[in-house]
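Chemist: Dropping a prediction and its sequence here:
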Amino acid sequence: MTEQEGHFENGVWVKEAAAAPAAKVENKIEERLTTATKNVISAVDELAKATHDLLATEEGKKHIEKTVKETTDQVQKSFDDILSKAKAEVDKAKAEVKAEAKKAKEKK
């Protein structure tokens, strides 16, 4: 006779239901998600530490300075372009006003 898990209930042997496989799978998924979450948090922490270390090095400082200078140069170029276009529009408007004033004088 093989042993079956169970218990007596009111004088009758009641078989234990086999552990639900869904519960095992659910626990396994939960464990994997917990592990994955811990790994992601660890990776982000490591990235933050590496970034901090990079900023503390001479190479990191030079990289930041270079990036800031490039950004500043690009902003300056953008403003120069805007001012150049605005100046051209103002000059064009002045020329049109002068031309109209000249026409008006000629009509008199």
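Modeler: Cool, the structure landed. Numbers count the residues shown, from 1 in each chain.
Chemist: quick one, helices of this protein?
Modeler: In the chain, the helices defined using DSSP state H lie at 21-56, 58-107.
Chemist: so what does the first one touch, helix or strand wise?
Modeler: In other words, helix 21-56. With contacts taken as 3 or more C-beta pairs under 8 Å, 6 or more residues apart in numbering; DSSP states H and E, helix 21-56 sits against helix 58-107. Every C-beta, even on glycine, is put in place using the N, C-alpha and C of the backbone.
Chemist: ok, Glu5 - contacts?
Modeler: Lys15, Glu16 (C-beta atoms under 8 Å, 6 or more residues apart in numbering).
Chemist: Tell me which of the helices of the chain lies nearest to Val14.
Modeler: Of all those, helix 21-56 sits nearest to Val14, with 19.8 Å by C-beta to C-beta.
Chemist: just how off-centre is the closest one within its chain?
Modeler: 18 Å (C-alpha atoms, centre = their mean, to the nearest Å).
Chemist: same check, this time on stretch 97-108
Modeler: 59 Å.
Chemist: which residues of the chain score low on pLDDT?
Modeler: 1-2, 18-23, 25, 108 (pLDDT under 70).
Chemist: re the thing from before, tell me which of the helices of the chain approaches Lys15 most closely.
Modeler: Among the helices of the chain, helix 21-56 sits nearest to Lys15 (C-beta to C-beta), with 17.0 Å.
Chemist: got the helices of the chain as a markdown table, with mean neighbour count columns?
Modeler: Output for the helices of the chain, formatted as a markdown table (neighbours: other C-beta atoms under 10 Å):
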| stretch | mean neighbour count |
| --- | --- |
| helix 21-56 | 10 |
| helix 58-107 | 10 |
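Chemist: Include distance to Phe8 when you put those helices into a markdown table, please.
Modeler: Converted to a markdown table, the helices of the chain look like this (distance: least, C-beta to C-beta, whole Å):
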| stretch | distance to Phe8 |
| --- | --- |
| helix 21-56 | 25 |
| helix 58-107 | 72 |
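Chemist: Many thanks, we can stop here.
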